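Enquirer: Need the 3D shape of this:
(one chain, ligands or ions: 1)
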Amino acid sequence: TFLHKVRKEIIGINAKVPLIDGQKVRYINFDNAASTPSFRRVAYKVKEFLTWYSNVHRGTGFKSQISTEIYDEVHNLVADFFGANKDDNTIIFVKNTTEAINKLSNSLHLSYRDIVITTPMEHHSNLLPWRDKCKVIYSNLDKEGRLDLDDLEKKLKRYRRRIKLVAISGASNVTGYINPIHKIARLVHQYDSKILIDAAQLAPHRPIDMKENSNPEHIDYLVFSAHKMYAPFGTGVLIGAKDTFAENKPDYTGGGTVKAVTLKDVIWGDLPDKEEAGTPNIVGALALGESIKMINELKWLKIIKNEEFLLNYTLKELEKIDEVILYGSMGSGELSERVGVIPFNIKGLENTLVASILANEFGIGVRNGCFCAHPYIHHLFGLSDEEIARVKDDIAKGIYTHKYGLIRVSFGCYNSPSEVDHLIYAIKDIIARKNAGVDLTNDYKFDK
Ligand code: PMP
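Expert: Numbering: from 1, shown residues only. This next block holds a predicted model:
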C-alpha cells in the first residue's frame, strides 16, 4: 500500500524516544509543518555524492564538472516541478524561504510610495521583509481567518497604481487554509500588479503550476524551503521573472557573482549565478533534487488522498471531544481547501503544558505557541487592539509568552491513521485526568 511504501522511505520512522516513566516508545511526529524528516533516498544520494564532493563552476576538474552538472540540473528539476518556464524565469537557490522573500524584497527597488498588499495570515517571514521598504496594506480576513477576496479586490482597485506586489501564502502554517492562488493571480494581474506565493506550506502538500507568463493566472514569484519537503535544512528557492533580477546589482556581492572584475569595476554574471554569491549549498541542492524525484514517484494523488483522510478523520474525532477547542473552519467553495494542519486547544490547559505532556508521556511531537504568525493568532483569538497592545507589552516584560497560543498537529505524507488514534487516546487521557482534578503540571526535561 501507499503508506507501507512511503513509511519505508522515511528516516527515523522507528526511532524510539524516552518517556517520563523511563519507557521507550516509537516517536510520532506531528510537527511536519516545522520541518519534515528526510527521505531515505535523499540521505543515500548525499552519502554517495560525498565521493564526488567538489565545488561548482570552478575549473574543469572531473569532480567539479560532476558537481556543476548536478547543481545546474537541480535548478532545472525545480523549474519543471513548479511549471516555471526556464526562458522567462530564474531559479535562485538561497538558504530558506525567509532569505528568498528578503531577496525579492531587496530586488524590487521599493520606495515609500509603493504598496505591497499582504495579509494578517502570513508567517512573519512574509510580513517583516516588506515593512521598512514600502507601505504595507493588509487584505482583510473573515472571523475564521480565511482571506476576504472581495476586500482584496477592493484594495487592488483603490490603490491600483501604487501596488508593486501582492505577497500571499499558498497555505497557512497555522490553520492549513489553502488560498486559491490562481484566482488571486488573475485578480492581481487584472490590476497590473504581480503576485508572490509563499509556498513554504503549500509546496509539500499540493502540486503547484506557476503557468506561462501569458496566462493571466500565472504566478510571478514563488518561494519555498527544502526542509519542509523531506530534504535537509539549508536550501530555499526563489523562482521569479528574469527581468526582476537582470539589471540589479546582487544583494550579496563577491565570488561567483561576476563575469569580470578589474580594480575599478565589475561585470555581473548571468542569472542565477549573480544572485547566488559564494560557494553554494551543493549537497542541499542535490538533496532537494532527490526529494522532488521521490515526491513525483509517490504521486500527488496518493499523497493528497492520505493527507485528506487524516485531516478529516482527526477533525471528526476532535470535534467529538467537548473540551477541545478547534480553530478555523472547513470553509466553502474555493476557500474550502486545507492542508493537513490542525490548530486546537484543550479548555483550561495551557498549550505549552499539553504539548509537553504529549511529548513526554506519549512520545507525540506537536508544536505549540504562535508559530511565527503572531498577528494571525491575535486574529484567531479575536483580540481587540488594546488586548494586542497588552499582550505585546507583557511579552516585552517577560510576563508570559504563550497565553494566547495554540497546539498544532501537522501531517506529513507518511503519517498513519493509527498514529492519529494514539493522539486522540492521549488527548482523551489528558482531559480525563484534568477532569478528575489531577495536577498535570510537570517540568520534566529530557535527559539528552
Ligand atoms: N512561510 C511559511 C508559511 C512557513 O510556514 C515558514 C516556516 N515555518 C516560512 C515561511 C519560513 O520558512 P524558513 O524558516 O524555512 O525560512
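
Enquirer: ok, the residue nearest to G61 when sequence neighbours are not counted - contacts?
Expert: Leaving aside its chain neighbours, G61 sits nearest to S54 (6.6 Å; criterion: Cβ to Cβ, 6 or more residues apart in numbering). Bear in mind the C-beta positions are built from the backbone N, C-alpha and C, glycine included. Going by Cβ atoms under 8 Å, 6 or more residues apart in numbering, S54 touches G61, K63, S64, I66, S67.

Enquirer: Give me the local confidence score for S54.
Expert: Looking at S54, its pLDDT reads 77.

Enquirer: Same check on K397?
Expert: 89.

Enquirer: Could you report the neighbour count for R186?
Expert: By the criterion of other Cβ atoms under 10 Å, R186 has 15 neighbours.

Enquirer: List the buried residues of the helix or strand that contains it.
Expert: Element membership of R186, judged by DSSP states H and E, is helix 181-190. For helix 181-190, burial by neighbour count (16 or more other Cβ atoms under 10 Å) applies to I181, H182, I184, A185, L187, V188, H189.

Enquirer: Check stretch 202-211 too.
Expert: Residues L202, A203, P204, H205, R206, I208, M210, K211 are the ones in stretch 202-211 that count as buried (16+ other Cβ under 10 Å).

Enquirer: Same check on stretch 342-351?
Expert: Per 16+ other Cβ under 10 Å, stretch 342-351 contains these buried residues: I342, P343, F344, N345, I346, L349, E350, N351.

Enquirer: Pick out the most distant pair among those residues.
Expert: I342 and E350 (18.3 Å; Cβ to Cβ).

Enquirer: What number of residues are in the vicinity of the residue of the stretch 251-400 of the chain found nearest the ligand?
Expert: Residue of the stretch 251-400 of the chain nearest the ligand, by Cβ to the nearest ligand atom: C372 (5.7 Å). C372 sits with 18 neighbouring residues when counted by other Cβ under 10 Å.

Enquirer: cool, and the one 3 residues further on?
Expert: The tally of other residues near P375 (other Cβ under 10 Å) stands at 18.

Enquirer: Of the contacts of S54, select the buried ones using a PyMOL command.
Expert: The PyMOL selection below is limited to those of those classed as buried (16+ other Cβ under 10 Å):
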select buried, resi 64+66+67
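
Enquirer: Filter the contacts of S54 down to the ones in helices?
Expert: Among the contacts of S54, DSSP state H puts K63, S64, I66, S67 in helices.

Enquirer: Of the contacts of S54, which is the nearest to the ligand?
Expert: Closest to the ligand, out of all of the contacts of S54 and judged by Cβ to the nearest ligand atom, is S67, at 24.0 Å.

Enquirer: Just name the closest of the buried residues of helix 181-190 to the ligand, please.
Expert: Nearest member of those to the ligand, counting by Cβ to the nearest ligand atom, is I181, at 12.9 Å.

Enquirer: low-scoring stretches of the stretch 1-150 of the chain, by residue?
Expert: For the stretch 1-150 of the chain, the stretches with pLDDT under 70 are 58-59.

Enquirer: where do the helices sit along it?
Expert: Taking DSSP state H, counting those that start in this stretch as the test, the helices found in the stretch 1-150 of the chain are 2-8, 40-49, 62-81, 97-107, 128-131, 149-159.

Enquirer: Nearest to the ligand, out of the ones you listed?
Expert: The nearest among these, by Cβ to the nearest ligand atom, is helix 97-107 at 3.3 Å.

Enquirer: do the closest one and the ligand meet at all?
Expert: Yes: for helix 97-107, a contact with the ligand is found by Cβ under 6 Å from any ligand atom, at T97, T98.

Enquirer: quick one: contacts of that helix?
Expert: Residues outside helix 97-107 that contact it (Cβ under 8 Å, 6+ apart) are 92, 94, 123, 125-126, 129-130, 133, 167, 196, 198, 200, 221, 223-225, 236-238, 240, 244-245, 248, 251, 275.

Enquirer: Kindly report the same for stretch 4-14.
Expert: 26-27, 29, 37-41, 43, 230, 294, 298, 306, 412-414, 416.

Enquirer: Return the subset of these lying in strands.
Expert: R26, N29 (DSSP state E).

Enquirer: thinking again about what came up before, quick check on the residue of the stretch 251-400 of the chain closest to the ligand: phi, psi?
Expert: Main-chain torsions, C372, degrees, to the nearest 10: phi 50, psi 30.

Enquirer: wait, isn't it in contact with H123?
Expert: Yes: checked against Cβ atoms under 8 Å, the pair C372 and H123 is within contact range at 5.2 Å.

Enquirer: Now the common contact residues for the two.
Expert: Going by Cβ under 8 Å, 6+ apart, residues that sit against C372 and also against H123 are N173.

Enquirer: Start and end of stretch 254-263, how far apart?
Expert: Chord length of stretch 254-263, first to last residue, is 13 Å (Cα to Cα, to the nearest Å).

Enquirer: For the protein, what lies in contact range of the ligand?
Expert: Going by Cβ under 6 Å from any ligand atom, the residues of the chain near the ligand are 96-98, 123, 125-126, 169, 173, 198, 200-201, 225, 236, 372.

Enquirer: Just the closest of those to Y425, please.
Expert: Once Cβ to Cβ is applied, the member of the residues of the chain next to the ligand that ends up nearest Y425 is N173, at 26.2 Å.

Enquirer: Would you verify that the closest one is located in a strand?
Expert: No: counting by DSSP: H, G, I helix; E, B strand; the rest coil, N173 is not part of a strand but coil.

Enquirer: Got the phi and psi for it?
Expert: Main-chain torsions, N173, degrees, to the nearest 10: phi -80, psi 0.

Enquirer: Also the one 4 residues further on?
Expert: Main-chain dihedrals, Y177, degrees, to the nearest 10: phi -50, psi 140.

Enquirer: didn't it look like it was pressed against L335?
Expert: Yes: here Y177 reaches L335: they are 7.3 Å apart, a contact under Cβ under 8 Å.

Enquirer: Now do the shared contacts for the two.
Expert: By Cβ under 8 Å, 6+ apart, Y177 and L335 have these common neighbours: R146, L147.

Enquirer: Could you check which of the two is surrounded by more residues?
Expert: Y177 (26 against 20).

Enquirer: so what's the more buried one scoring on pLDDT?
Expert: 98.

Enquirer: And the helices in the stretch 301-448 of the chain, which stretches?
Expert: Under DSSP H, counting those that start in this stretch, the stretch 301-448 of the chain gives helices at 351-362, 374-380, 385-397, 417-435.
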